[in-house]
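Chemist: how would this look folded up:
(chains A and B)
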Amino acid sequence: MTPPVEELTGVTAIDPGIDDLIANSARNRQNPPSKDQTMIINMGPQHPSTHGVLRLVIEVDGETIVGLAPDIGYLHTGIEKTCEAKFYQQVVPMTDRIDYLCPMTNNLAYCLAVEKLLGLEIPERAQYLRVLFNELTRIQSHLVWLGTHAMDIGALTVFLYCFREREDLLRIFEAVAGQRMMTSYVRVGGLSLEPPRDIYDKIRTFLKNFPAHVEEYEGLLQTNPIWMNRLKGVGYLSAADAIALGVTGPPLRASGVDFDVRRDMPYSGYEKFQFNVPVSDVGDVWARYIVRMQEFRESVKICLQALDGLPEGHIVADAPKIILPNREQMKTQMESLIHHFKIVTEGFGVPAGEATSSVEAPHGMMNYYVVSDGTAKPYRVHMRNPGFATLQALETMCKGRLLADVVAVIGSIDIVLGEIDR
Amino acid sequence: MYDPASAIKGKQAVFEAHPENAAVKALADLATDAKFDRAELTITVARENIVAAAKAVQQAGYNFLEDVTAVDWYPTEPRFQISYSILSHKLKERVRLVVRLDGEDAALDSITSVWPSANFYEREVFDLFGVHFGGHPNLRRIMMPEDWKGHPLRKDYPVEGYR
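Modeler: Next up, the predicted model:
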C-alpha cells in the first residue's frame, strides 16, 4: 500500500544507510511467512539508468519500495585533495571533470571564488560571454538529461534528437575553447581566448532553430500517454522536504520554492538580463520535466540578450601578475615575458582568507568554497555539488512507489555521479 | 584588488557594523568571534553550542543548509575548522557558522536534528577528515571504501605515493 505523502516529513526521512536497511529487513524475514515479508534488491553500480556508477540498495515489499539507501563513492578520485597540490590556475582543468555535463559552470564557480579572494574586477565583455556560454552549457546539459531520461523510460527516439542538437553545441564549444567537453574556457580573471569572429552567427543560427526543436521534443513526449503515465504523480517531494533535504535547482523549483541563484543572488552580471524562473508546485517527476523544458526557452532568451548586448572591450581583467599575457605581448615586451615566466613557474599569490561562490548550475546550486593561506596554491577547495544533496531526497521520493518508478525519479533529479563522488 | 584593511574582524566590530543583520541578531549570545570579509559574514560559535546556533539562525530565516565542510589547519591548534554554509531563501543572504576543534578531540554534535540534509555532508567530513559527529544517525564512510585506513583530506595525509 502506498503510505500517504504527509507522513514523510523531513525529519523521519533521513537515509537509513545500507546496513540498517539490511538489518531491518532480516528482522522482517524472521517473522513467520506473512504479507510483511520484504526483500532486498541491489541496483547498480553497473546499471544503465543510474547515469554512472550509483548503487542503490532497495527494500521491496512485492513491487512497492519500503526503504532505499544510495551507496556512492565509486567515482571518488580525490579532486579536492589534488587541488591543494596545484597552483590556482592549474585547478581550472580539474573543475571540468567534476560535472562533465556542465564544465563551463564549474569553471565559472571556481573562478568566481578565486576572483572574490583576489578582489578582481572582470570586464563586462567577459561577463557577458560567461553568461552566454553558461546558458549554452545549461541547454547542453538539459539535452543530455532529456535524452537519457526519456530513454530510461523507454522513449528511445528522443535521445537521438537531443544528441543531434547537443552535437551543434559541442561544435560551438570546440570552436571557442578548442575542446568539446573539457573546455577550461573560463579562467581566473576572465576567459582563455577571444571567440572566433564567425561564432556569433553560428550561435544565432542555433538559437533561432532551437525553440522549434524544443517543440519537437514536446511533440514526441507530451502527447504520449505512456510518458505521461510514467511521470505524473510519481516521485512527489513537498517543498518542506525539499528544503530539509538540501534539494536545489529544478527539483526545488518543481516543488514550489521560487529560488534561483541567477535572479536572487546575481553573479557575473545576471542582474542585467531579463528572464523568468519557471516554478511549479506539483512536486512530481512531471513538474520537474515541465520546469526544465521551460528553462530551455529561458536560456535561449538569455543567450539572445547576451549576444545583442555584448559590449566591446577586453576579455581579461587588467592584472598582469595574475593573468597570462597574450603571445604577441609576450614576444615583444620584456615585462610581459617576465610575468609569463613567473605565473607559469611560481603561480600567483592570493591574499589569505576564505570565499564562497554560488552559481545556478543546470542541476542546481553549485558552490565553491576556497580557502587561501596567502601562497600560490589553494589551502582548501571544496565543491558543494547539487547532486550530492539531492540524492538524499531519493528515498523520500521513491518510498511507497513501485520499483520501476525509481528509474523515472533518478532521471528526473538529473544526477551526474562525477559531481557527487568528486 | 582586495584590500585586507576592508575586512572587519572581531565580534564587537562586526556586530556594531551590521546590527540589522538577522544572523547577527540571532547569535548575539552564542557568537564567540565574527568576521565580515569580502562581503561574507562568518560567525564562530563554541563547539557545544552548534546545535543551538543552528536552531537560532534557522528561526531567524536562514532556512536552507547548503554545505558542511572542514578545513585542516595542521599543525596549528585548534586544528579543525568546521564551516557550515547556511542560506536564507527569503533574505537572499548566507551566513557561515564556524566551529574550531582540537586535533586531539575532534568531535562535535550533529545538526541532523535541525537539517536532515546535514546527513551526507557530515558523513563526508567524517570520512575525509575523521571528525566525529555525535548523534548522527548513520556515521559511516561515504566516499572511501569501508575498510580504508586514514582520512585523506587531513594535511598530514600525503597527496601522492604510498601511505
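Chemist: residues near the nearest residue to residue B:3 once chain neighbours are set aside, how many?
Modeler: Excluding its sequence neighbours, the residue lying closest to residue B:3 (Cβ to Cβ, 6 or more residues apart in numbering or on different chains) is residue A:119, at 7.0 Å. Every residue, glycine included, has its C-beta placed from N, CA and C. Residue A:119 has 17 neighbours, counted by other Cβ atoms under 10 Å in any protein chain shown.
Chemist: Just list what the helix or strand residue A:134 falls within packs against, helices and strands only.
Modeler: Using DSSP states H and E, residue A:134 sits in helix A:124-153. Judged by 3 or more Cβ pairs under 8 Å, 6 or more residues apart in numbering or on different chains; DSSP states H and E, helix A:124-153 is in contact with helix A:103-118, helix A:156-177, strand A:190-191, helix A:199-221, helix A:225-231, helix A:285-308, helix A:403-413.
Chemist: How far does stretch A:47-58 sit from its chain's centre?
Modeler: Averaging C-alpha positions (Cα atoms, centre = their mean, to the nearest Å) puts stretch A:47-58 18 Å from its chain's average.
Chemist: Quick check: end-to-end length of that stretch?
Modeler: End-to-end span of stretch A:47-58 (Cα to Cα, to the nearest Å): 14 Å.
Chemist: and that stretch, which residues are buried?
Modeler: Buried residues in stretch A:47-58, counted by 16 or more other Cβ atoms under 10 Å in any protein chain shown: A:47, A:49-58.
Chemist: List just the nearest of these to residue A:192.
Modeler: Among the buried residues of stretch A:47-58, residue A:52 lies closest to residue A:192 (Cβ to Cβ), at 28.1 Å.
Chemist: how would you label the closest one: helix, strand or coil?
Modeler: Secondary structure, DSSP: H, G, I helix; E, B strand; the rest coil: residue A:52 is coil.
Chemist: and the closest residue in space to it that isn't next to it in sequence, what does it touch?
Modeler: Nearest non-adjacent residue to residue A:52, counting by Cβ to Cβ, 6+ apart: residue A:417, 3.0 Å away. Residues in contact with residue A:417 (Cβ atoms under 8 Å, 6 or more residues apart in numbering or on different chains) are A:50-54, A:72, A:74-75, A:387.
Chemist: Flag whichever of these scores worst on pLDDT.
Modeler: Within these, residue A:50 has the lowest pLDDT, namely 71.
Chemist: Let me know whether that one touches residue A:56 as I believe.
Modeler: Yes - if you go by Cβ atoms under 8 Å, residue A:50 and residue A:56 touch, sitting 7.2 Å apart.
Chemist: which residues are in contact with both of the two?
Modeler: A:43-44.
Chemist: For the longest helix seen in chain B, give the mean pLDDT please.
Modeler: Secondary structure of chain B per DSSP state H: the longest helix is helix B:118-129. Averaged across helix B:118-129, pLDDT comes to 91.
Chemist: likewise stretch A:183-194?
Modeler: Stretch A:183-194 carries an average pLDDT of 89.
Chemist: same thing with stretch A:22-37?
Modeler: 60.
Chemist: Quick check: end-to-end length of that stretch?
Modeler: First residue to last in stretch A:22-37 (Cα to Cα) measures 13 Å.
Chemist: Phi, psi for residue A:279 please.
Modeler: phi -130, psi 150 (degrees, to the nearest 10).
Chemist: Pretty sure residue A:224 sits against residue A:155.
Modeler: Yes - with contact defined as Cβ under 8 Å, residue A:224 counts as touching residue A:155 (6.8 Å).
Chemist: doesn't residue B:2 make contact with the residue nearest to residue B:3?
Modeler: Yes - counting by Cβ under 8 Å, residue B:2 is a contact partner of residue A:119 at 3.0 Å.
Chemist: how many other residues sit next to the closest residue to residue A:48 other than its chain neighbours?
Modeler: Nearest non-adjacent residue to residue A:48, counting by Cβ to Cβ, 6+ apart: residue A:152, 7.7 Å away. Neighbourhood size, residue A:152 [other Cβ under 10 Å]: 20.
Chemist: what number of residues lie near residue 109?
Modeler: Using chain A here. 30.
Chemist: that's the wrong chain, I wanted chain B
Modeler: Residue B:109: 19 surrounding residues under other Cβ under 10 Å.
Chemist: for residue A:73, same thing?
Modeler: Number of residues near residue A:73 (other Cβ under 10 Å) recorded here: 21.
Chemist: Just confirm it is within a strand.
Modeler: No - read with three-state DSSP, residue A:73 is coil and lies in no strand.
Chemist: contacting residues around the residue nearest the centre of chain B?
Modeler: Centroid-nearest residue in chain B, with Cα atoms, centre = their mean: residue B:83, separated by 2.1 Å. Residue B:83 makes contact with A:354, A:369, B:67-71, B:96-98, according to Cβ under 8 Å, 6+ apart.
Chemist: Where strands are concerned, which of those count?
Modeler: Members of those lying in strands (criterion: DSSP state E): A:354, A:369, B:67-71, B:96-98.
Chemist: nearest to residue A:38, of the contacts of residue B:83?
Modeler: Nearest member of these to residue A:38, counting by Cβ to Cβ, is residue B:68, at 32.6 Å.
Chemist: The closest residue to that closest one other than its chain neighbours: how many residues sit nearby?
Modeler: In this structure, residue B:68 finds its nearest non-sequential neighbour in residue B:121, 3.7 Å apart by Cβ to Cβ, 6+ apart. Neighbour count for residue B:121, taken as other Cβ under 10 Å: 27.
Chemist: That'll do, ta.
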